[in-house]
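In: I'd like to go over a predicted model; first the sequence, then the structure.
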Amino acid sequence: MSKSAIVTNSLSKKFGNFTAVDQISFDVKEGEIFGFLGPNGAGKSTTIRMLCTLSRPSGGSATIAGFDIVRQDSEVRKHIGLVSEKMIMYNELTARENLKLFGRLYDIPKDELNRRIDEILSLVHMEKWADKQIGTYSTGMKQRINVIRAMVNKPNILFLDEPTLGLDPQSTSEIREVIRKINVENRTTMILTTHMMVEADLLCNRIGIIDHGKIVALDTPANLKKMASGTDVAIHEFDIPNLNNAMISAIKAVGGVSSIVQESETRIKVRSGGDSFDSILDTVRKCGGKVKEVKSLEPTLEDVFLRITGREVRDSVSDTVKINHQGGPRHGPMGGGGGSKRGR
Ligand SMILES: Nc1ncnc2c1ncn2[C@@H]1O[C@H](COP(=O)(O)OP(=O)(O)OP(=O)(O)O)[C@@H](O)[C@H]1O
Ligand SMILES: [Mg+2]
């Protein structure tokens, strides 16, 4: 049994009367990538900030590498690196200068710091660019430097708060590759926050789904997905070249349909009670819809989230049509949320 790098015990944070983090308990094993997945405002960054000793817990406790985050905060800081939500680097300085500046915050002897900087630059294949101003970099290159900046002090535990937020698809996959490489080559323990299901699925050994400050599920990506498939909810993607709003409204009205996500001009993803499929198909045909293709989809972590919280996690999808669960299956123990229509 491997050792725990991080242990939290009923960790909580209140801002006035508002509870941002509500008694969360979990542990992260050495060498593990642990994902914190949740929608905006769920409490991900607040948890990270407490674990990084930047914010004092209102209740509960936690240890990092065996050290208490409140009583032994300076010991904790020696073992951790943080890639925070905001990238703080100086555009007019080179990558090497930025890394040196940051490295001086730690008492690392000059020669050792220089060696260390070369080592981490090569880890992300940035040696050639090291002496160019950061301002000339692409966003992906900047983020690579931002990630290794957190590794200047050789931390064995790395916190990554939404490391791919706002990056284009190529930079996103580069950064994911960097994260994986750091984890494999250095056996660095990681906590990664994201609100992208795909990202958590790709990178994490285990995922804690956090909502309204509470962990509502915690397991491996595979087990979480099994959880979603154990429901009576079926997910079908329809490709209907003459899809229109009237047709979508008619499908919405079919008993058992719990949500419709419009994926493109012709494609919709429909979640429904397992036996509603025939009625949906009939309705489409009655509306004159010509179905080109129907796919039965594997549950994704999105579905797990929906099942547990009763809400979609994706707030970035502009054309999501959410429907109240009236008459349809109730999703999850919290049973709340839903019903919000997220228009353009
Ligand atoms: N310093 C603060 N004072 C008051 N409220 C705060 C403070 N910091 C965070 N909050 C509130 O706590 C809740 C959790 O915020 P947090 O930043 O941890 O969410 P998050 O899961 O990181 O969200 P996001 O995906 O948007 O980054 C939010 O409702 C936020 O408004
Ligand atoms: Mg955050």
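Out: On my side now, so go ahead. Numbering: from 1, shown residues only. Ligands and ions are numbered 1, 2, ... in the order given.
In: quick one: residue 168 from residue 194, how far?
Out: 16 Å (CB to CB, to the nearest Å). Bear in mind the C-beta positions are built from the backbone N, C-alpha and C, glycine included.
In: who's more crowded, the two?
Out: residue 194 (24 against 12; other CB atoms under 10 Å).
In: how far away is the more buried one from residue 180?
Out: Applying CB to CB to residue 194 and residue 180 gives a distance of 14 Å.
In: and if you look at residue 26?
Out: Taking CB to CB, one finds residue 26 at 22 Å from residue 180.
In: element containing residue 207?
Out: strand 206-211 (DSSP states H and E).
In: Residue 255 is in contact with residue 275, correct?
Out: No: with contact defined as CB atoms under 8 Å, residue 275 does not reach residue 255; the gap is 9.7 Å.
In: Now for the chain, the helix or strand with the poorest mean pLDDT.
Out: Within the chain, no helix or strand scores below strand 320-322, which has a mean of 38 by mean pLDDT, DSSP states H and E.
In: bridging residues for the residue nearest in space to the middle of the chain?
Out: By CA atoms, centre = their mean, the chain has its centre lying nearest to residue 194, at 1.7 Å. Beta bridges link residue 194 to residue 37 when assigned by DSSP bridges.
In: I'd like to know how far it sits from residue 105.
Out: Relative to residue 105, and taking CB to CB, residue 194 is found at 27 Å.
In: Skipping adjacent residues, who's closest to the most far-flung residue of the chain relative to its centre in space?
Out: Most distant residue from the mean C-alpha position of the chain: residue 286, 40.5 Å away (CA atoms, centre = their mean). Of all residues not flanking residue 286 in the chain, residue 250 sits nearest, at 7.4 Å (CB to CB, 6 or more residues apart in numbering).
In: What's the mean pLDDT across the helix or strand in which residue 111 is found?
Out: Here residue 111 sits within helix 110-123, counting by DSSP H and E. Mean per-residue pLDDT for helix 110-123: 94.
In: Please apply the same query to stretch 9-20.
Out: Per-residue scores along stretch 9-20 average to 97.
In: So what touches that stretch?
Out: If you take CB atoms under 8 Å, 6 or more residues apart in numbering as the criterion, stretch 9-20 is touched by 21-25, 43, 46-47, 50, 55, 57-62, 213.
In: would you list every one of the helices in the stretch 201-344 of the chain?
Out: 221-229, 245-252, 277-286, 301-309 (DSSP state H, counting those that start in this stretch).
In: would a markdown table of those with distance to residue 185 and mean pLDDT be doable?
Out: Shown next, in a markdown table, are those (distance: least, CB to CB, whole Å; pLDDT from 0 to 100):
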| stretch | distance to residue 185 | mean pLDDT |
| --- | --- | --- |
| helix 221-229 | 22 | 79 |
| helix 245-252 | 48 | 95 |
| helix 277-286 | 47 | 94 |
| helix 301-309 | 27 | 77 |
